[in-house]
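K.L.:
quick one, fold the following:
(2 chains)
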Amino acid sequence: GAVVSQHPSWVICKSGTSVKIECRSLDFQATTMFWYRQFPKQSLMLMATSNEGSKATYEQGVEKDKFLINHASLTLSTLTVTSAHPEDSSFYICSARVGMQQPQHFGDGTRLSIL
Amino acid sequence: GESVGLHLPTLSVQEGDNSIINCAYSNSASDYFIWYKQESGKGPQFIIDIRSNMDKRQGQRVTVLLNKTVKHLSLQIAATQPGDSAVYFCAENKGNQGGKLIFGQGTELSVKP
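P.N.:
Numbering: from 1, shown residues only, chains lettered A, B, ... in the order given. The predicted structure follows:
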């Protein structure tokens, strides 16, 4: 149980394009989902907290207009990287949880490469 | 600032030996901790968790110990196998901030056959 699916797993695109990443909880409903960014050999950095039916809460230093988050249902959250540039290249990972003191379950990440 | 850190960035063990991965945290108000395993190119995988009202919790081949006095957390893996090779992260659940997870820097465990 507690499976989180993330799609796509790998994206290569040109600078200036927008990329949408989907995160789905397959066998549970998630009122809260999280988006992280991870650079090679580094830890996970929380970008934003996504709550179903409300605006996402962004961490300090994360541009909300750059990283658009939508959590339209209890099983789906999307992250759109708008006008992506090479510095946005990274490994993006989502997670979902059932409740407050429950573990977050992670997707397998999306490797984004901007040329 | 608040942080969760690890003492050892790398750990190399012989197959069959026990592994111990340590973690220090700084927020004494944190009441829930989680260990994750991350294999190359994948997302973190939940291993085991522990709440602050416990000192020890055991799973299959894994044990988590929590010492609130010194704000220290450890993960013990018994009879380490090559499949255990990965990066291990401890994470502190910040209940007073919507349950955000603060991850430690990670320890890379390498198991030699």
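K.L.:
show me the contacts for the closest residue to chain B within chain A.
P.N.:
Closest residue of chain A to chain B, Cβ to the nearest Cβ: A:F106 (3.6 Å). In short, each C-beta sits where N, CA and C put it, glycine included. Counting by Cβ atoms under 8 Å, 6 or more residues apart in numbering or on different chains, A:F106 touches A:4, A:93-95, B:36, B:43-46.
K.L.:
those residues into JSON lines, with extra columns for secondary structure?
P.N.:
Below are the contacts of A:F106 laid out as JSON lines (DSSP: H, G, I helix; E, B strand; the rest coil):
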{"residue": "A:V4", "secondary structure": "strand"}
{"residue": "A:I93", "secondary structure": "strand"}
{"residue": "A:C94", "secondary structure": "strand"}
{"residue": "A:S95", "secondary structure": "strand"}
{"residue": "B:Y36", "secondary structure": "strand"}
{"residue": "B:G43", "secondary structure": "coil"}
{"residue": "B:P44", "secondary structure": "coil"}
{"residue": "B:Q45", "secondary structure": "strand"}
{"residue": "B:F46", "secondary structure": "strand"}
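K.L.:
and the buried ones among these, selectable in ChimeraX?
P.N.:
The ChimeraX command for the buried members of the contacts of A:F106 (criterion: 16 or more other Cβ atoms under 10 Å in any protein chain shown) is given here:
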select /A:4,93,94,95 /B:36,43,44,46
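K.L.:
of the contacts of A:F106, which is the nearest to A:G61?
P.N.:
Distances from A:G61 to the contacts of A:F106, taken as Cβ to Cβ, are shortest for A:I93 (17.8 Å).
K.L.:
separation between that closest one and B:G83?
P.N.:
Distance of A:I93 to B:G83, computed by Cβ to Cβ, to the nearest Å: 21 Å.
K.L.:
and the helix or strand of chain A with the lowest mean pLDDT, how far out from the chain middle?
P.N.:
Ranked by mean pLDDT, DSSP states H and E, the helix or strand of chain A with the weakest confidence is strand A:67-73, at a mean of 91. What separates the centre of strand A:67-73 from the centre of its chain is 9 Å, taken as Cα atoms, centre = their mean, to the nearest Å.
K.L.:
appreciated, that's everything.
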